[in-house]
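Engineer: A predicted structure for the sequence below; I have some questions about it.
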Amino acid sequence: MIESDIKAKLSFSDGTPDIDLPIYRGTVGPDVIDIRKLYGQTGKFTYDSGFLSTASCNSKITYIDGDKGELLYRGYPIEDLAHNCDFLEVCYLLLNGELPNASQKKDFEELVMHHTMVHEQMQFFLRGFRRDAHPMSVLTGLVGAMAAFYHDEIDYSEPHAREVAQIRLIAKMPTLVAMAYKYSVGQPFIYPDNSLSYTANFMRMMFATPCEDYKVNPVLVRALDRIFTLHADHEQNASTSTVRLCGSSGTNPFAAISAGIACLWGPAHGGANEACLEMLNDIQANGGVEKIHEFIAQVKDKNSSVRLMGFGHRVYKNFDPRAKLMRETCYEVLNELGLQDDPLFKLAMTLEKIALEDEYFVSRKLYPNVDFYSGIVQRALGIPTEMFTCVFALARTVGWIAQWEEMITDPEYKIGRPRQLYVGETSRKVPNITVRK
Ligand code: CMC
């Protein structure tokens, strides 16, 4: 962090003396005002529920300019990465700060692909779940359970131990996600095939059965690989902040990632692609294209809680660059599978057009986000709706673990401990139970 010559002056109308607060300059993006000494100097906290104006850390991993619609991983535009690199190259980049050369790429692939198996006991743990359990609850449990396998004799303050944990997480997530899926449909688990690429191996574990060969379709593998790349990191979003906060206590990394998965599940975050496809299915079941105007009217009604899922973003206020790339992939996949006339896809495209021209959405700068299209692509790939967020979790694991590593190695690392504005009762005595109302 570079300290700027400019200082912020904070004055108070209650006689508290003015204070000067240092300002730091990042390489790009807004400056930050350092308020760490504010409480010590004034006895006051800042208030920012929802973190609308608060930088919770400094980071070198991902940069977003919401107004420009720009997303950079380690300085590389997402468009460039999506067109020129595969997901494992992106993982290497996020973890190490630089893209791999050819031999580093080969070594990294080998390393990841030799950690794909999970402990055989994991399937017995999995069997404790009801078959109809939501796969995100199962995945949260499975990844949390991994902490039990990789804890006792491991010292995570050791860089090598952390590196192995990072590789294990990236390598085993596809296996765990596929196991959660196979369990839900009652099919046998398919063991990883390390001769395949990372993404092709995942598709095989999802869709192969012991009775039939699974033929890998390179167009579909590329599409899923792109979904992984586009979801790999997104700076300090809710689940990443959860991983950082949870990990800041020094807990086991698998436990911290499990907390991130739990957070991602929510419909305002990673659950949006599932919610988006459910919304499309609902409109389709209730009259289809004819009913779009009625649905949009409901979305705009202040008294209804209905939202147009897959639209809007806390940070992107002009367009989501991931959405543009996902839209491109959506057309590629539907063409490959001959699904251009799929009624749900047509419905989505009509909804997109109507919303993009509607004053309500235009004036609030609400544009399609990545989830608007990723659900359609995943559905076309044969991934069931309730697995969508698991796929997101698989992809985001590298971002979470890269951010966790950055936090642990930050010289300013401290346990995260937000404060509050208390508005409850002041101190009072416990009345005897006989006189309580
Ligand atoms: N449909 C209808 N109205 C909306 C929507 C929407 N999807 N999103 C925001 N608005 C309205 C909102 O009602 C408010 O209107 P008003 O000013 O009249 O009260 C205004 O736009 C600002 O909304 P906000 O809730 O203050 O915005 P936010 O930045 O807190 O919310 C969001 C961001 C993503 C939670 C929200 O846009 C949303 O719920 N979208 C649908 C869910 C979704 O697609 N989420 C995926 C995000 S992308 C994946 C990821 O990166 O995790």
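Structural biologist: The structure has been received and is ready for your questions. Everything quoted here is computed from the prediction, not taken from an experiment.
Engineer: count of neighbours near the closest residue to residue 419 other than its chain neighbours?
Structural biologist: In this structure, residue 419 finds its nearest non-sequential neighbour in residue 45, 4.7 Å apart by Cβ to Cβ, 6 or more residues apart in numbering. No exception for glycine: its C-beta is placed from N, CA and C like everyone else's. Applying other Cβ atoms under 10 Å, we find 13 residues neighbouring residue 45.
Engineer: residue 45 should be in a strand, yeah?
Structural biologist: No. Using DSSP: H, G, I helix; E, B strand; the rest coil, the secondary structure at residue 45 is coil, not a strand.
Engineer: so it touches residue 417, yeah?
Structural biologist: No. Residue 45 lies out of contact with residue 417 (Cβ atoms under 8 Å); the separation is 11.7 Å.
Engineer: just the helices from the stretch 301-437 of the chain, written as ranges.
Structural biologist: Secondary structure of the stretch 301-437 of the chain (DSSP state H, counting those that start in this stretch): helices located at 321-336, 343-357, 359-363, 370-381, 388-408.
Engineer: pull the number of nearby residues for the residue of the stretch 301-437 of the chain found nearest the ligand.
Structural biologist: Nearest to the ligand in the stretch 301-437 of the chain, going by Cβ to the nearest ligand atom, is residue 312, at a distance of 2.4 Å. Look at residue 312: counted by other Cβ under 10 Å, it has 20 neighbours.
Engineer: same question for residue 378.
Structural biologist: Neighbours of residue 378 using other Cβ under 10 Å come to 23.
Engineer: residue 281 is in what secondary structure piece?
Structural biologist: Per DSSP states H and E: residue 281 is located in helix 272-285.
Engineer: contacts for that helix?
Structural biologist: 267, 291-292, 295, 308-310, 343-344, 347-348, 351, 369, 371-372, 374-376, 378-379, 385-386, 388-389, 392 (Cβ atoms under 8 Å, 6 or more residues apart in numbering).
Engineer: what residues sit buried inside it?
Structural biologist: 272-280, 283-284 (16 or more other Cβ atoms under 10 Å).
Engineer: pLDDT for those - can I get that in JSON lines?
Structural biologist: Rendered in JSON lines, the data for the buried residues of helix 272-285 read as follows (pLDDT from 0 to 100):
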{"residue": "272", "pLDDT": "85"}
{"residue": "273", "pLDDT": "86"}
{"residue": "274", "pLDDT": "85"}
{"residue": "275", "pLDDT": "88"}
{"residue": "276", "pLDDT": "91"}
{"residue": "277", "pLDDT": "91"}
{"residue": "278", "pLDDT": "91"}
{"residue": "279", "pLDDT": "94"}
{"residue": "280", "pLDDT": "93"}
{"residue": "283", "pLDDT": "94"}
{"residue": "284", "pLDDT": "93"}
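Engineer: does the residue in the stretch 1-150 of the chain that the ligand sits nearest to sit in a helix or strand, and which one?
Structural biologist: Of all residues in the stretch 1-150 of the chain, the one sitting closest to the ligand is residue 50 (7.2 Å; Cβ to the nearest ligand atom). Per DSSP H and E: residue 50 is located in neither a helix nor a strand.
Engineer: roughly how far apart are it and residue 268?
Structural biologist: Between residue 50 and residue 268 the computed distance is 11 Å (Cβ to Cβ, to the nearest Å).
Engineer: those two: which has the busier surroundings?
Structural biologist: Each of residue 50 and residue 268 has its neighbours counted (other Cβ under 10 Å); residue 268 has more, 12 against 8.
Engineer: can I take it that the more buried one is in a strand?
Structural biologist: No. Using three-state DSSP, the assignment for residue 268 is coil, not a strand.
Engineer: ramachandran coordinates for it?
Structural biologist: Per-residue torsions, residue 268: phi -80, psi -10 (degrees, to the nearest 10).
Engineer: ok, back up a step: out of the contacts of helix 272-285, who's near the ligand?
Structural biologist: By Cβ under 6 Å from any ligand atom, the members of the contacts of helix 272-285 lying near the ligand are 308-310, 369, 371.
Engineer: min pLDDT across those, which one?
Structural biologist: When those are compared by pLDDT, residue 371 scores lowest at 88.
Engineer: quick one, what contacts that residue?
Structural biologist: Counting by Cβ under 8 Å, 6+ apart, residue 371 has contacts 272-273, 276, 309-310.
Engineer: thinking again about what came up before, now the angle from the helix holding residue 281 to helix 321-336?
Structural biologist: Interaxial angle, helix 272-285 versus helix 321-336 (axes from the mean of the first three to the mean of the last three Cα atoms, to 10 degrees): 50 degrees.
Engineer: can you check what angle separates the helix or strand that helix 272-285 is followed by from helix 272-285?
Structural biologist: Downstream of helix 272-285, the next assigned helix or strand under DSSP H and E is helix 292-300. Using the same axes, to 10 degrees, one finds that helix 292-300 and helix 272-285 are set 140 degrees apart in direction.
Engineer: quick one, helix 292-300 and helix 343-357 angle?
Structural biologist: Going by the same axes, to 10 degrees, helix 292-300 makes 60 degrees with helix 343-357.
Engineer: packing partners of helix 292-300?
Structural biologist: If contacts are counted by 3 or more Cβ pairs under 8 Å, 6 or more residues apart in numbering; DSSP states H and E, helix 292-300 sits against helix 343-357, helix 359-363.
Engineer: please repeat the previous calculation with a cut-off of 10 Å.
Structural biologist: Packing partners of helix 292-300 (3 or more Cβ pairs under 10 Å, 6 or more residues apart in numbering; DSSP states H and E): helix 272-285, helix 343-357, helix 359-363.
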